[in-house]
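**Q** just a sequence and a predicted model for now, questions to come.
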Amino acid sequence: MNDKQMIEQLYHDMYSAMVAKDEAELDRVHDESFVLIHMTGMHQDKRTYIRAIMDGTLNYYSEKTDSLNIKINENNTAVLTGRSLVSAAVFGGGRHTWRL
């Protein structure tokens, strides 16, 4: 498996773990420096984000990938831009499908 394939697999592993509420897998696929920036602009660090999934503040039901663009830079860093349709209920709201 090449680097781009591994990065793509991690993206899919991340969404699978979100849906399954798999805390160990969420911990594995997110770096300690991970920060989620919500559509509202709210920031959640890795621990806060995983805790919100586990306690039901964030509920993910499904994800369908629309597109992925992975670029590996000369300094051996990668940038992934993914677009997905995500079915979720967050912060006590109803279940909706979001373009993320």
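**A** Everything's here; your move.
**Q** can you name the next helix or strand after the lengthiest strand in the chain?
**A** For the chain, the longest strand by residue count, based on DSSP state E, is strand 58-72. Of the helices and strands lying after strand 58-72 in sequence (DSSP states H and E), the nearest is strand 78-90.
**Q** the helix or strand just after that next one - contacts with which helices or strands?
**A** Following strand 78-90 in sequence order, the next helix or strand is strand 96-99 (DSSP H and E). Applying 3 or more CB pairs under 8 Å, 6 or more residues apart in numbering; DSSP states H and E, one finds that strand 96-99 makes contact with strand 78-90. For the C-beta atoms, the positions are set from N, CA and C on the backbone; glycine is no exception.
**Q** same for the strand it packs on, what does it pack against?
**A** By 3+ CB pairs under 8 Å, 6+ apart, strand 78-90 packs against helix 3-20, strand 58-72, strand 96-99.
**Q** so that strand versus helix 3-20, what angle?
**A** Counting by axes from the mean of the first three to the mean of the last three CA atoms, to 10 degrees, strand 78-90 lies at 10 degrees to helix 3-20.
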